[in-house]
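Engineer: Take this sequence and fold it.
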Amino acid sequence: MLSIFYLKNIVKHLFLDEQWSPEEIANRLELEDYPIKISYSTIYRAIYAFEFDDEKPKQGHRGVVKKLRRKGKKYKHQNQNETRGKIVISHTIHERPLEGNLRCELGHWEADTVVGKMGGACLITLTDRKSRYLLAEKVPGQRADPVKDSMIELLKGLPKAKRRTMTPDRGKEFSFHKDVTKKLEGLPFYFADPQSPWQRGTNENTNGLLREYFPKHQSLDKVTPQILKEVLRKINTRPRKCLNWKTPFEVFFNRVLHLI
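Structural biologist: Numbers count the residues shown, from 1 in each chain. Okay, the predicted model is just below:
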């Protein structure tokens, strides 16, 4: 029979090493029919009681409590001016197929870039709306040519049924969207309205998860493919409440994982 000590080590690993939230841990344990059940409130109490710290933090320090999930970035208000310039678009988000709006099939993607230190490398991120599966690659800068090439590289190995539409913002880095459409057998782009990041909420929320590993204003120049691959693994194998505690990987590839 499994001991409480063994369960504590599993929870500690998922919280500290895999960056799962207490709610994700508790519900995934139940989904995998783990022999010992634990509520997420119990996990929170253990965290605040310093149960997962190697030693009790000194006064004024929070220990592993600081590992609890941060809030995402603030949205710009609509009256703020867009300074990145305008591009010629093919379609607006209001023309996107109903299947993409309803998340009822795979292959409807949202796109954005995660910027590091100004003028340096950034990440191009693509998130599938239904599964929340994330694809990402480092590019040398927030420029249209490398972004175009990375989007093609990230998507070209997928079957056409898993690349149906793309919804980016109107940043100039997506100026060469017609080239992506041509290279990927007609993949259509549906651009969000200006200053409307909530219209790409799936990608915005996922970028918030990436920021846990790559904080804002921190240079991305030294991020290696191996580092990024490990971060993507963690994000894509993290249970999600919106997926009934399945992971993006499981939904996107229709496979069951045993993570615990």
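Engineer: make it CA atoms for all contacts and neighbour counts henceforth
Structural biologist: OK.
Engineer: Excluding covalently adjacent residues, which one is nearest to residue 11?
Structural biologist: Among residues not flanking residue 11 along the chain, residue 25 sits closest, at 7.0 Å (CA to CA, 6 or more residues apart in numbering).
Engineer: State the pLDDT value of the one you found.
Structural biologist: Predicted confidence (pLDDT) for residue 25: 92.
Engineer: and after the helix or strand encompassing it, which helix or strand comes next?
Structural biologist: Using DSSP states H and E, residue 25 falls within helix 22-31. Downstream of helix 22-31, the first helix or strand assigned by DSSP H and E is helix 40-48.
Engineer: what's the next secondary structure element after that following helix?
Structural biologist: Next element after helix 40-48 (DSSP H and E): strand 91-92.
Engineer: Name the residues that touch stretch 107-115?
Structural biologist: Defining contact as CA atoms under 8 Å, 6 or more residues apart in numbering, one finds that stretch 107-115 is touched by 100, 121-130, 142, 161-169, 200, 202-204, 207, 216-217, 220.
Engineer: And stretch 175-188, by the same measure?
Structural biologist: Here stretch 175-188 has contacts from 87-88, 91, 144-145, 148-149, 151-152, 155-156, 163-166, 189, using CA under 8 Å, 6+ apart.
Engineer: Closest to the centroid, which residue in the chain?
Structural biologist: Centroid-nearest residue in the chain: residue 206, 2.6 Å away (criterion: CA atoms, centre = their mean).
Engineer: residue ranges of the helices in this structure, please?
Structural biologist: Along the chain, counting by DSSP state H, helices occupy 4-16, 22-31, 40-48, 98-102, 144-155, 177-183, 201-210, 225-236, 248-253.
Engineer: Let's have these in TSV, adding distance to residue 65.
Structural biologist: Output for the helices of the chain, formatted as TSV (distance: least, CA to CA, whole Å):
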stretch	distance to residue 65
helix 4-16	10
helix 22-31	12
helix 40-48	6
helix 98-102	37
helix 144-155	36
helix 177-183	43
helix 201-210	17
helix 225-236	20
helix 248-253	26
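Engineer: Buried subset of the contacts of stretch 107-115, written for ChimeraX?
Structural biologist: To isolate the buried members of the contacts of stretch 107-115 in ChimeraX, using 16 or more other CA atoms under 10 Å:
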select :100,121,122,123,124,125,126,127,128,129,130,142,162,163,164,165,166,167,168,169,200,202,203,204,207,220
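Engineer: Which ones among the contacts of stretch 107-115 lie within strands?
Structural biologist: 122, 123, 124, 125, 126, 127, 128, 165, 166, 167 (DSSP state E).
Engineer: just to revisit the earlier point, can you give the distance of the helix holding residue 25 from its chain's centre?
Structural biologist: 19 Å (CA atoms, centre = their mean, to the nearest Å).
Engineer: ok and it relative to helix 40-48, angle-wise?
Structural biologist: Calculated by axes from the mean of the first three to the mean of the last three CA atoms, to 10 degrees, helix 22-31 forms an angle of 130 degrees with helix 40-48.
Engineer: neighbouring contacts of helix 22-31?
Structural biologist: For helix 22-31, using CA under 8 Å, 6+ apart, the contacting residues are 11, 14-15, 37-41, 43-44, 238-241, 245-246, 260.
Engineer: run the last query once more with 7 Å
Structural biologist: Applying CA atoms under 7 Å, 6 or more residues apart in numbering, the contact partners of helix 22-31 are 11, 37, 38, 39, 40, 43, 44, 239, 240, 245.
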